[in-house]
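Visitor: No sequence on hand, only this structure:
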């Protein structure tokens, strides 16, 4: 298994693997619903549109497939990356797709027509993760070169570079209120950033290997981190992460 994604209503889980397919599962019963075939290589990233009608999949065949789940129509293909597409993310309004690739670029796509609207090249190193802020105003990208780049979500203009990790980054996630960004990678550490000031707030230490994925709970009180050390840690971030009274621990 290479990646998974829940539908917005939580009823369906999408999963992908080395066999070049995407599988849809009924969460309640565990029953396989559908197999989506079309990629010419392994599928490396998945994301549902906000309305749950479209599933985007990126692969090492350098393409993005847009699967129309409502109609079952053949997928649209977005081609433009020169190497593996390692991450995809929809804007909150569902009009734009961001993709990160091993060609050291972030691309923005207009989903109405399927056209590539921007190629962002100001960040070096393969892009391993992209994420939009909850209001869509900021796009974050995490790179193999240890940096996080913040971009204007609409224009693609570079806003800020966050530096503090010592090895490649693999994951970024915004808190539900959009005030905090979490990042993680090969240095076994999760970092929390104050987005308004562009400064680091906390380093969460406890994993014994690279951290590959991050997710905030809907209420923003818990941060989950998944690592190559074969563990998932749940961090209590219900306190004030901006102040010394923060209650940050991994049960």
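Guide: Structure received. Keep in mind the model is a prediction, meaning the values are calculated, not measured.
Visitor: Let me see the contact set for residue 187.
Guide: For residue 187, the contact set (C-beta atoms under 8 Å, 6 or more residues apart in numbering) comprises 165-167. Glycine gets a C-beta too; all of them are placed from N, C-alpha and C.
Visitor: what does residue 91 give?
Guide: Counting by C-beta under 8 Å, 6+ apart, residue 91 touches 97-98, 132, 136, 153.
Visitor: wait, residue 18 sits on residue 2?
Guide: Yes: if you go by C-beta atoms under 8 Å, residue 18 and residue 2 touch, sitting 6.7 Å apart.
Visitor: what about the two, which has more around it?
Guide: Between residue 18 and residue 2, counting by other C-beta atoms under 10 Å, residue 2 is the more crowded of the two (15 against 12).
Visitor: hang on, that one packs against residue 16?
Guide: Yes: shown here, residue 2 and residue 16 form a contact pair, counting by C-beta under 8 Å, at 5.2 Å.
Visitor: any common contacting residues for these two?
Guide: Common neighbours of residue 2 and residue 16 (C-beta under 8 Å, 6+ apart) are 42-44.
Visitor: Closest one of these to residue 12?
Guide: Residue 12 lies nearest to residue 43 out of the shared contacts of residue 2 and residue 16, by C-beta to C-beta, at 16.3 Å.
Visitor: give me the number of residues near the closest residue to that closest one other than its chain neighbours?
Guide: Spatially, and ignoring its direct neighbours in sequence, residue 43 is nearest to residue 16 (3.6 Å; C-beta to C-beta, 6 or more residues apart in numbering). By other C-beta under 10 Å, the residues close to residue 16 number 24.
Visitor: Make residue 1 into 329 and carry on from there
Guide: With 329 as the first residue, the last one maps to residue 344.
Visitor: can you list the domain ranges for the protein.
Guide: Domains of the chain are assigned by automatic domain parsing as 331-491, 507-579.
Visitor: partner residues bridging residue 521?
Guide: Beta-bridge partners for residue 521, by DSSP bridges, are residue 509, residue 528.
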